[in-house]
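In: Could you work out the structure for the sequence below:
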Amino acid sequence: MSDVRWLSSEEQEIWRAYLTSTVEFTSYIDRQLRRDSGMPMAYYEILVRLSDAEGRCLRMSDLADASLSSRSRLSHAVAALEKNGWVVRRPADGDRRGWVCELTDEGFAALAEAAPGHVTAVREKLFDVLTPEQLATLRDVGRAISAGLREECDAARAEAVCDESPC
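Out: Alright, predicted model coming up:
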């Protein structure tokens with residue numbers, strides 16, 4: 001273990017502050033969405049990605065990538081969203097193996113109802129507590145971390161057990 005680059009005290013402090021803040025913030029936002037809208041943050045993110053897509057629909061594999069979810073986890077979430085009537089799945093045109101997920105009008109309405117509370121929570125707990133300079137740094141840090149993980153994350157999604165069909 002002599003080749004391990006152990007964290008210094010300052011690096012340890014930075015790591016713990018980052019980890020604590022991201023876990024606490026994510027948990028806070030998830031609790032707010034569940035309390036106010038009856039949906040977890042993962043479902044909200046799926047609905048947002050669909051609402052932003054042309055025709056409010058995406059192939060399941062593209063939706064998994066966009067929502068940073070494994071195909072298996074996405075399939076379970078989409079099944080729950082289907083039960084609420086917020087999305088529908090159908091075979092992709094011209095591709096018997098591919099599936100498309102489409103946001104319904106009811107799903108769009110649920111998203112529109114959830115959005116004001118969600119945006120308020122994000123604004124109050126993130127944007128209002130940081131300076132413009134800190135926000136710019138946070139953006140740059142987030143992009144750098146994502147870029148450093150992109151190859152591994154892409155490989156992990158490619159190895160997912162579940163194909164595009166509903167699991």
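
In: what's the longest strand in the protein?
Out: When the chain is parsed with DSSP state E, its longest strand is strand 95-103.

In: show me the contacts for the residue nearest the centre of the chain.
Out: For the chain, the residue sitting closest to the mean C-alpha position, by C-alpha atoms, centre = their mean, is S67 at 4.2 Å. The contact partners of S67, taken as C-beta atoms under 8 Å, 6 or more residues apart in numbering, are 42, 45-46, 49, 74. All C-beta atoms are positioned from the backbone trio N, CA, C, and that covers glycine.

In: circling back: starting from the longest strand of the chain, tell me which strands it pairs with and how they run.
Out: Applying DSSP bridges, strand 95-103 is found paired with strand 57-59 (antiparallel), strand 87-92 (antiparallel).

In: Would you mind getting the angle between the next helix or strand after it and strand 95-103?
Out: Counting by DSSP states H and E, the next helix or strand C-terminal to strand 95-103 is helix 105-125. Counting by axes from the mean of the first three to the mean of the last three C-alpha atoms, to 10 degrees, helix 105-125 lies at 60 degrees to strand 95-103.
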